[in-house]
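Undergrad: structure for the following, please:
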Amino acid sequence: MADARRPEFTAEQLAEARRLMALYPDRRGALLPVLHLAQDTFGYVSLEVEEYVAGLFELSPAHVHEVATFYTMFFKEPVGRHVLGVCHNLTCHLLGAKGIIEHLKARLGVEPGGTTADGRVTLLTVECLCACEQAP
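TA: Residues are numbered from 1 along each chain as shown. Sure thing, here's the model as predicted:
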């Protein structure tokens with residue numbers, strides 16, 4: 001019997017994780033897609049989810065934590081159904097990101113990192129979305 005607090009994939013999701021691992025000569029190459037699968041399943045990548053994924057890969061939880069925290073697309077806590085990420089790095093800042101962020105804060109009624117009261121939208125500011133040519 002599974003622990004109610006321990007995240008676990010369904011049989012189908014576990015099969016998909018194993019299929020992804022088999023695509024790479026070193027199965028660690030599937031870590032990012034399996035973390036995406038985990039986030040889609042559990043809503044965010046908690047420490048418990050990191051530990052579960054680490055077990056699937058026979059990696060240390062610290063290794064999975066390093067990967068999950070390096071990439072901004074993995075959320076460490078619950079987020080809204082829609083996530084708005086606005087770059088505030090130099091190019092975007094110079095081309096108006098600050099005004100966009102202020103408008104979104106006022107319109108949504110939340111600070112960056114916050115989620116609207118109805119749980120629908122989370123507002124984030126991020127370092128770079130790699131679209132400088134389209135800034136902000």
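
Undergrad: quick one: the strands in the protein?
TA: With DSSP state E, the ranges of strands along the chain come out as 82-87, 121-126.

Undergrad: tabulate those strands (TSV), appending distance to residue 72, mean pLDDT and mean neighbour count.
TA: (Each C-beta comes from the backbone N, C-alpha and C, glycine too.) Below are the strands of the chain laid out as TSV (distance: least, Cβ to Cβ, whole Å; pLDDT from 0 to 100; neighbours: other Cβ atoms under 10 Å):
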stretch	distance to residue 72	mean pLDDT	mean neighbour count
strand 82-87	8	93	16
strand 121-126	5	94	19
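
Undergrad: could you dump those strands to CSV with distance to residue 64?
TA: Formatted as CSV, these follow (distance: least, Cβ to Cβ, whole Å):
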stretch, distance to residue 64
strand 82-87, 22
strand 121-126, 22
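
Undergrad: can you tell which of the ones you listed is closest to residue 132?
TA: strand 82-87 (8.3 Å; Cβ to Cβ).

Undergrad: by contact count, what packs against that closest one?
TA: Judged by 3 or more Cβ pairs under 8 Å, 6 or more residues apart in numbering; DSSP states H and E, strand 82-87 is in contact with helix 97-108, strand 121-126.
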